[in-house]
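Undergrad: With the input below, show me the fold.
(one chain, ligands or ions: 2)
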Amino acid sequence: MIAYFRLVFRSTWAFVEGLWITLRYLFKPSVTVQYPTEKLVPYDAFRGALLFDPATCIACSLCAKACPSACIALESQVHPETKKRVPKVEWYTLDLGKCNFCGLCQEACPTKPKSVWHGLDYEFAFSNRDEMVRCWKPGFPLAGRVWDPKKKAFRDLESHIPVRDVEARR
Ligand code: SF4
Ligand code: SF4
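TA: Ligands and ions are numbered 1, 2, ... in the order given. Predicted coordinates:
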C-alpha cells in the first residue's frame, strides 16, 4: 500500500515538474526559426557556397594552384590584336562536387576585395552531377550559372536560395 502511494506521489511530482519547466519557457523568446520561410544568418567567417566576381578577377590562377582538390579551372582573355593574354578572365569554373570548403582559394586570391570567396549560403540542392559545376563568364551573377548539356546553354541556378543579398566579402 505504501509503495502504491509512493508511486502516485512520484508520478504526480514528475508531472508538476514537467509542467513547471513548460511554464518557465512558455513566455521566453523563441530560439528557433520557421525554416525555410525564416533563415538564420551565419557568422561572417562561415564557409558557405563559393562565389566569384569576373569583374575583379585578374586571371592569375593562384586560386587554382592553391586548391588541393583541383576543382578550379579558368582561362584568361586574349587581346584581339596582340594575341597576348590580358589580366581578365574569359571563363572560370568550380566543381562543388569536389570542393572540401577549405578556403585556400579565397586565401590565395590577391585582389581586394577577393574575387573568389565563401558566401554565407548553406543550402545546396543538386539534381544531377552537372549542376555541381558552376561556371562564370564576364557579366554572370556572383553565384555563377550551370551548363545545361541538353539545351547547350548556361542557365541560372534554380536551387540557389541566397541567405541574404549582401554576401560576406573581404
Ligand atoms: S574551398 Fe578549397 S577545395 Fe574548394 S575550391 Fe577553394 S581551395 Fe578548392
Ligand atoms: S579568383 Fe583571385 S586567385 Fe583566382 S584567378 Fe582570379 S584573381 Fe587570381
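
Undergrad: When you work out contacts or count neighbours from here on, use the C-alpha atoms and nothing else.
TA: OK.

Undergrad: Please confirm that residue 4 is located within a helix.
TA: Yes. Under DSSP: H, G, I helix; E, B strand; the rest coil, residue 4 sits within a helix.

Undergrad: how far away is it from ligand 1?
TA: 63 Å (CA to the nearest ligand atom, to the nearest Å).

Undergrad: Please shift the residue numbers so they start at 202 in all later answers.
TA: All set: I'll call the first residue 202, so the last point we hit is now residue 205.

Undergrad: quick one: pLDDT of that residue?
TA: At residue 205, the model reports a pLDDT of 91.

Undergrad: If you tally nearby residues, what's the number for it?
TA: Residues lying near residue 205 (other CA atoms under 10 Å) number 9.

Undergrad: Repeat that for residue 326.
TA: For residue 326, using other CA under 10 Å, the count is 13.

Undergrad: and it, backbone torsions?
TA: Dihedral pair for residue 326: phi -140, psi 120, per degrees, to the nearest 10.

Undergrad: got it, and the one 10 residues further on?
TA: For residue 336, the backbone dihedrals (degrees, to the nearest 10) come out as phi -120, psi 150.

Undergrad: What's the separation between the nearest residue to it once chain neighbours are set aside and residue 333?
TA: Distances taken as CA to CA, 6 or more residues apart in numbering place residue 294 nearest to residue 336, at 4.4 Å, with adjacent residues excluded. For residue 294, the distance to residue 333 equals 10 Å [CA to CA, to the nearest Å].

Undergrad: quick check, residue 343 in a helix?
TA: No. Residue 343 is assigned coil when assessed by three-state DSSP, not a helix.

Undergrad: which residues does it contact?
TA: For residue 343, the contacting residues are 252, 253, 254, taking CA atoms under 8 Å, 6 or more residues apart in numbering as the criterion.
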